[in-house]
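1. Sequence first, predicted model second:
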Amino acid sequence: MGRGKLRIHLGAAPGVGKTYAMLSEAHRRVERGTDCVVAFVECHGRPRTEVMLHGLEQIPRRELEYRGGVFTEMDVDAVLRRAPAVALVDELAHSNIPGSRNAKRWQDVEELLAAGIDVVSTVNIQHLESLGDVVESITGVRQRETVPDEVVRRADQIELVDMSPQALRRRMAHGNIYQPDKVDAALSNYFRPGNLTALRELALLWVADQVDAHLKQYRSDHRVSKIWGSRERIVVGLTGGPEGRTLIRRAARLAEKGAGGEVLAVYIARSDGLTSASPKELAVQRTLVEDLGGTFHHVVGDDIPVALLDFARGVNATQIVLGSSRRKTWQYVFGPGVGTTVARESGPDLDVHIVTHEEVAKGRGLPVARGARLGRARIIWGWLVGVAGPVIMAVLLNTVHLGLANDMLLFLTVVVAAALLGGLLPALASAAVGSLLLNYFYTPPVHHWTIADPKNIVAITIFVGVGVSVASVVDLAARRTHQAARLRAESEILSFLAGNVLRGETGLEELLERVRETFGMESAALLERESDVDPWTCAGRVGLGRPVERPEDADVDMPVGDHMALALTGRVLPAEDQRVLAAFAAQAAVVLDRRRLQEEADQARALAEGNRIRTALLAAVSHDLRTPLAGIKAAVSSLRSDDVAWSEEDQAELLEGIEDGADRLDHLVGNLLDMSRLQTGTVTPLIREIDLDEVVPMALGGVPEGTADLDIPETLPMVAVDPGLLERSVANLVENAVKYSPAGKAVLVSASAIADRVEVRVVDRGPGVPDEAKERIFEPFQRYGDAPRGAGVGLGLAVARGFAETMGGTLNAEDTPGGGLTMVLTLRAAGSSPERLLHPEELLHPLRPERQVT
């Protein structure tokens, strides 16, 4: 079974009669024998609508309880079981009661359509999702129940139910829409004539757009090329010249005279890219046509009249607006021009308007070669060859007579050489001088400025024409080469910027330096301010030029939004550089925003890290610190009690418990303070050269005797460390190793020298740690496995690593061969470079706070 068809009665406003129209359609279908049922229709207490339900089968509604009330909704399952040919579903944009099958009624309709059931539904124009803001601005009421436009556009049929505002207000006054007690309020608020007129216009325009879309589809499917003047569409042909603005305004005035007129401005470029249009002028004209409500189109075509007519017929245009030709009178010998050709080929269905303007018959001007494109040296050589070359050639030919034809070819060679070297103007000068010399010395009668044989006149004319043609081609090639090189440079720059946007690599200062180098400026700065009245501040600056405090003080300023500008000093940039500079300015704003977002993210991360530390610290205080305090308090209370006579052994045991609790407190508080110092960055190591055997043995004083073995060779080099920090680091490592080592297995503390570093290894035979957890054990407040709460707060390894990295060393965990864990503390040997032990990433952040405080 195929998908069902959807027909929608679109109302311009509430009360226009869309539900009535839907029920009338149902009666017509029932009379034709169609199986039609009422799935859901809301009459809103309107008697005339209720009467229309008579004679139609109604599917019972589903009852739902919500917030103490009972509500009814369409029973989708019942409709699917009934499987009619046509189902009537009112109020397509309705939101279902929570607990229904779907959140929206249009989703219920989609299920019915998918089951092959045709649906006839209703919706008002104000319920279309895309028009929500417009309707709110007109009526002051925000529509909370909306339907996606695409759902309505996909309907197989859309029928507009319309009524004039005056007739609708009369219907309202007669009580045919709302209850009498609500009529006055409705007429003075939502149903004001202005509101109803605006809603009606929205409905008419929306439906007209849908009809236009269907018409375009029909013309495309049936390959209809003939213009159907169903709507005024005016195509404006632009050349990129200054007259384009006049043509656009004229076309806009023509469009205003017809209802629903549309302006389409089109610029046709040749496929080879050889065009004299000004990109800046085209950008201005694009902005103008868009401001006037039209659209701008860029079309490629070698035959401009044909491309223009094809475009106009493709969009079903009714009129074309062109400007009077800028050609001079003599230029018409090359053809009738675009305007005349378009008017002749347009046919009877397409009107062509030729609009006069200030540039008429002024010509386009000849392209003049610039020194910047051919080079100063080439221009000089071109003029020397162009002026002196014919004279030298005449002197040489006076000694050897080769005939007029050969003489012309030799002079033509000089003209070509001048064109190749200097471009158009030197070639023109060479052709002029050469033609005069040919006439005077070699064309009968010689030594006279007259020409006796008419054939010689033709020959000299051809000579001049060939010279000018070759010069024009050379000049054009030079200009295109210059443009290609410039576009290639621009594409490389834009590609660089695009890559940086994707990768987020370049910082603000690096980007500003790139701007300064690219455009050869003295300095570049990015200025910003909070509002129009606030002073400008510098977000970033590079270069040695004068400091710029305002965009107006710079040689070049490129605004970025309302309150940001890129300011350059050194020289004034040509207009053709503005496009790339605008891209740089936009990228600079992006880099600045990204940097600030990164700073905010870092601050948020630090705050979150601090919150986690405080939470973990509170957890530690709640148990790990409270437990020894409770033991100390209990022991002290027992000793001070007069109710019990304690023996000397009991008193000694209680005092030993007090001492153990105090030691635990001292150790825990020490680690907490160390972690706090690392977090705040106040740990300043006092590096000096010292032997390991002066420090490491002292670190073993905190563990029971016999639980750790020491192996420190006397031949080890001295290390550059802070003795106090090293002792604390090793002590924490040894205490941690002893804690997890099995009974009877002593921890081994050994040291060895490798190249320019010294490694201290703390080896235990405990359960070991999986590879994925080796980094996690160095995070604060981490206990591995099921270590009991009394085993500490989990700061020992974090403090040890923080102190090691503060001294320029590293601390890592390795597996012990045969089982267990080995802590490898790598230290700098005396006299070695501090950077040799650190990873490149760690050189940027030597304290690695993200590992110290977690």
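-> Perfect, thanks for sending it.

2. List the contacts of F311.
-> V235, V266, I268, H297, V299, A317 (CB atoms under 8 Å, 6 or more residues apart in numbering). Heads up, the C-betas are built off the backbone N, CA and C, glycines and all.

3. Apply 6 Å and report the result again.
-> V266, V299 (CB atoms under 6 Å, 6 or more residues apart in numbering).

4. Give the next helix or strand downstream of the helix or strand hosting it.
-> F311 belongs to helix 304-314 when assigned by DSSP states H and E. Downstream of helix 304-314, the next assigned helix or strand under DSSP H and E is strand 319-323.

5. Show me what that next one is packed up against.
-> Using 3 or more CB pairs under 6 Å, 6 or more residues apart in numbering; DSSP states H and E, the elements in contact with strand 319-323 are strand 233-238, helix 244-257, strand 351-355.

6. Switch the ones you listed over to JSON lines; also include mean neighbour count.
-> Listed next are the helices and strands packed on strand 319-323 as JSON lines, based on neighbours: other CB atoms under 10 Å:
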{"stretch": "strand 233-238", "mean neighbour count": "26"}
{"stretch": "helix 244-257", "mean neighbour count": "19"}
{"stretch": "strand 351-355", "mean neighbour count": "17"}
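
7. among these, which is nearest L88?
-> Of all those, it is strand 233-238 that lies closest to L88, at 38.6 Å by CB to CB.

8. Would you mind getting the angle between that closest one and helix 304-314?
-> With axes from the mean of the first three to the mean of the last three CA atoms, to 10 degrees as the basis, strand 233-238 and helix 304-314 are set at 160 degrees to each other.

9. Just the buried residues of the helix or strand hosting A731, please?
-> If you go by DSSP H and E, A731 is part of helix 723-740. Neighbour-count burial for helix 723-740, counted by 16 or more other CB atoms under 10 Å, picks out 723, 725-740.

10. immediately after that helix, which helix or strand?
-> Next in sequence after helix 723-740, counting helices and strands by DSSP H and E, comes strand 747-754.

11. So which elements touch that next one?
-> With contacts taken as 3+ CB pairs under 6 Å, 6+ apart, strand 747-754 sits against strand 708-711, strand 757-763.

12. and R594, how many neighbours does it have?
-> 15 (other CB atoms under 10 Å).

13. any idea of the pLDDT on it?
-> For R594, the model assigns a pLDDT of 81.

14. Return the residue of the chain that is most distant from the centre.
-> A645 (81.8 Å; CA atoms, centre = their mean).

15. mind checking the SS state of that residue?
-> Of the three states, A645 takes coil under DSSP: H, G, I helix; E, B strand; the rest coil.

16. Against G570, how distant is M564?
-> Taking CB to CB, to the nearest Å as the measure, M564 falls 21 Å from G570.

17. One more: Q217?
-> Per CB to CB, Q217 is found 57 Å from G570.

18. Settle it for me: which of these two has more neighbours?
-> More neighbours surround G570 than the other of Q217 and G570, with 18 against 10 (other CB under 10 Å).

19. Can you tell me what sits against stretch 175-187?
-> G15, R171, M172.

20. Can you flag which of the residues you listed belong to helices?
-> Of those, the ones assigned to helices by DSSP state H are R171, M172.

21. Export the contacts of stretch 175-187 as CSV, with columns for neighbour count and pLDDT.
-> Output for the contacts of stretch 175-187, formatted as CSV (neighbours: other CB atoms under 10 Å; pLDDT from 0 to 100):
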residue, neighbour count, pLDDT
G15, 23, 87
R171, 16, 83
M172, 21, 82
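
22. before we move on, what SS does L88 have?
-> strand.

23. thinking it is in contact with V38, fair?
-> Yes. Using CB atoms under 6 Å, L88 is in contact with V38, at 4.9 Å.

24. okay, these two: which has more neighbours?
-> L88 (25 against 21).

25. How about the contacts made by that one?
-> M22, A26, V38, A39, V41, V120.

26. Now distance to A429 and pLDDT too, for those residues, in CSV please.
-> Listed next are these as CSV, based on distance: CB to CB, whole Å; pLDDT from 0 to 100:
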residue, distance to A429, pLDDT
M22, 84, 93
A26, 89, 93
V38, 92, 94
A39, 89, 94
V41, 90, 92
V120, 83, 95
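
27. Would you format the residues you listed as JSON lines with secondary structure included?
-> Converted to JSON lines, those look like this (three-state DSSP):
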{"residue": "M22", "secondary structure": "helix"}
{"residue": "A26", "secondary structure": "helix"}
{"residue": "V38", "secondary structure": "strand"}
{"residue": "A39", "secondary structure": "strand"}
{"residue": "V41", "secondary structure": "coil"}
{"residue": "V120", "secondary structure": "strand"}
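
28. Any of the residues you listed buried? List them.
-> Buried by 16+ other CB under 10 Å: M22, A26, V38, A39, V41, V120, out of the contacts of L88.

29. Please report how far the third one lies from R81.
-> If you measure V38 against R81 using CB to CB, the figure is 15 Å.

30. The last one too?
-> As for V120, its distance to R81 is 20 Å (criterion: CB to CB).

31. again with the second one
-> When distances are taken as CB to CB, A26 and R81 turn out to be 20 Å apart.

32. burial count for V395?
-> Taking other CB under 10 Å as the criterion, the count of residues near V395 is 11.

33. hang on, I meant V51
-> Here the number of neighbours of V51 (other CB under 10 Å) works out to 12.

34. returning to what we had before: determine the angle, from 0 to 180 degrees, between the helix holding A731 and strand 757-763.
-> Per the same axes, to 10 degrees, the angle that helix 723-740 makes with strand 757-763 is 30 degrees.
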